[in-house]
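Asker: sequence first, predicted model second:
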Amino acid sequence: MADDVVLCATSGPIATITLNRPDKANAIRADVAVLLDDALRTANRDSSVKVIVLEGAGDNFCAGSELALCADIVVASHDARFGTPYSRVWGCHLSGMWVYRLGLAKAKYHALTGEWISGKDAAAIELINASHPLEELDSQVDTLARKLASIPLAQLAAMKLVVNQAYDNMGLQSTQTLGPILDGIMRNTPEGRSFVRLARDEGVPAAAARRDHPFGDYSQAPATDQPRKRSRPG
């Protein structure tokens, strides 16, 4: 395992965990998942830490999963892209957070089409909490983290627990049990296996291109629909 695929740093009451595979859009693989879990556990057990900031190095947060939506508070740039391209082949909702963060109409639309939504629009429909111009994103996140860190730890924990409990009462845990089961099944349908074979034989870009071509988005999106690059190094 390469320990540098997940970076950890602590500054006072704020711990920052960085997914560090910028050349792979910070996609999660087995060792990243293990190291991320270890980093989160370490930060949660540190009594001096009140806030954990989870970010991605380079131009992406994390490709291929719903990890961002599992955070307590989600902040993105206006031109970020949130989407579920696996809705079209080789996957299914894992966490169910699209469903619980959105109403039925919007959640089902995105579940069936897999179309992406910008960070600005995601904030407007309350899929995420806020979006900012890319150039202001880091400073805005830092300001929010410091604001949260000024609150007593017990108070943060209690308020988080009561909100989470309300969603557990709506069936969140059972949804998150079903999600990985269906995701595993969808990865082994005839279409899912064909997607894997194409990716193996011709490369992931070719498989993604075939998947996205009818919709003209993600890998096939025009330049005007591609997110801008971050101005700071990863």
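Answerer: Received it, and whenever you're ready, just let me know what you need. Residues are numbered from 1 along each chain as shown.
Asker: Y100 belongs to a helix?
Answerer: Yes: when classified by DSSP: H, G, I helix; E, B strand; the rest coil, Y100 is found to be part of a helix.
Asker: do you know the pLDDT at it?
Answerer: We have a pLDDT of 95 for Y100.
Asker: over to P227?
Answerer: 71.
Asker: please apply the same query to the one 3 residues further on.
Answerer: At R230, the pLDDT value in this model is 64.
Asker: for the chain, which segments count as strands?
Answerer: Defined through DSSP state E, the strands belonging to the chain, from first to last, are 6-11, 14-19, 51-56, 75-77, 81-82, 117-118, 130-132.
Asker: which residues of this structure fall in helices?
Answerer: Using DSSP state H, the helices found in the chain span residues 30-45, 97-101, 104-113, 119-124, 137-149, 153-169, 172-186, 190-202, 204-212.
Asker: format those as TSV; extra columns: mean neighbour count and distance to E55.
Answerer: Bear in mind the C-beta positions are built from the backbone N, C-alpha and C, glycine included. Rendered in TSV, the data for the helices of the chain read as follows (neighbours: other CB atoms under 10 Å; distance: least, CB to CB, whole Å):
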stretch	mean neighbour count	distance to E55
helix 30-45	14	12
helix 97-101	19	18
helix 104-113	14	24
helix 119-124	19	14
helix 137-149	15	8
helix 153-169	11	20
helix 172-186	14	23
helix 190-202	13	27
helix 204-212	16	24
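Asker: if we can go back for a sec, save the strands of the chain as TSV, and put in mean pLDDT and mean neighbour count too.
Answerer: Written out in TSV, the entries for the strands of the chain read as follows (pLDDT from 0 to 100; neighbours: other CB atoms under 10 Å):
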stretch	mean pLDDT	mean neighbour count
strand 6-11	97	16
strand 14-19	98	22
strand 51-56	98	20
strand 75-77	97	23
strand 81-82	95	20
strand 117-118	95	19
strand 130-132	98	19
